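Undergrad: Okay, structure incoming, though there's no sequence with it:
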């Protein structure tokens with residue numbers, strides 16, 4: 001199935017890759033001191049992404065116990081002003097996790113429903129990676145190296161605190177659509193906004209700020225700028 005050719009800003013932001021620190025690994029198969037591991041994210045990371053993109057009032061989840069260890073999660077997200085609900089069923093793992101098997105079933109259901117909104121779905125496209133494994137401690141000893149498409153911009157390419165504050169101020173002054181702005185930058189939030197886009201973003205927001213002032217009867221733009229804006 002091909003990807004949506006016209007994804008909404010919310011969809012792009014929800015589906016953005018996570019930093020490596022947010023990704024966990026579990027063995028799918030073990031051979032001596034080597035293991036084939038698969039990637040996953042935990043529920044707290046999913047909730048943080050939903051809060052960051054949609055706001056705390058922009059999503060809600062409900063659950064139904066189906067019995068025999070199965071739980072269905074109904075995850076509703078407010079997208080373009082409309083509530084969209086997607087469901088999926090979670091089950092208990094073979095090994096009881098912290099909090100008990102039922103807690104794990106609820107968590108699994110939320111992860112599966114969130115993937116239908118794009119959150120962490122890219123992780124399922126990754127193949128298993130063979131890494132060093134401690135069979136006694138049952139722990140993965142090293143992390144795989146992910147392909148570039150499965151990574152956010154490197155930390156060295158993210159905004160400084162001062163740059164984030166500037167963009168946050170300009171976003172408010174310009175009255176810009178934050179979701180559309182983050183989708184344009186290919187980032188879910190200012191915390192993962194590429195520094196390479198900073199100057200361009202400042203120029204864009206300053207222009208939007210000027211347009212807002214003109215529309216509100218504030219300071220007029222220079223004649224040359226108004227003439228340029230009138231061209232098709």
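TA: Everything's here; your move. Worth saying up front: this structure is predicted, and the values here are computed from it rather than measured. Numbering: from 1, shown residues only.

Undergrad: which ones are touching the nearest residue to residue 16 once chain neighbours are set aside?
TA: If you skip the residues right next to it in sequence, residue 16 has residue 188 as its closest partner in space, 4.4 Å away by C-beta to C-beta, 6 or more residues apart in numbering. Glycine gets a C-beta too; all of them are placed from N, C-alpha and C. The neighbours of residue 188, taking C-beta atoms under 8 Å, 6 or more residues apart in numbering as the test, are 13, 14, 16, 49, 52, 53, 182.

Undergrad: What of residue 197?
TA: Contact analysis of residue 197 by C-beta under 8 Å, 6+ apart lists residue 185.

Undergrad: try 10 Å
TA: 153, 157, 159, 167, 184, 185, 186, 187, 204 (C-beta atoms under 10 Å, 6 or more residues apart in numbering).

Undergrad: buried subset of the residues you listed?
TA: Buried by 16 or more other C-beta atoms under 10 Å: 153, 159, 167, 184, 185, 186, 187, 204, out of those.

Undergrad: okay, those residues in CSV with distance to residue 29, secondary structure and pLDDT next?
TA: Formatted as CSV, the buried ones among the contacts of residue 197 follow (distance: C-beta to C-beta, whole Å; DSSP: H, G, I helix; E, B strand; the rest coil; pLDDT from 0 to 100):
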residue, distance to residue 29, secondary structure, pLDDT
153, 33, coil, 71
159, 41, coil, 88
167, 45, helix, 93
184, 42, helix, 73
185, 39, helix, 74
186, 35, coil, 69
187, 35, coil, 76
204, 49, helix, 87
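
Undergrad: want to try CSV for these, with distance to residue 104 as columns?
TA: CSV is the format used below for the buried ones among the contacts of residue 197 (distance: C-beta to C-beta, whole Å):
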residue, distance to residue 104
153, 33
159, 37
167, 39
184, 38
185, 36
186, 33
187, 31
204, 45
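
Undergrad: Sweet, I'm off.
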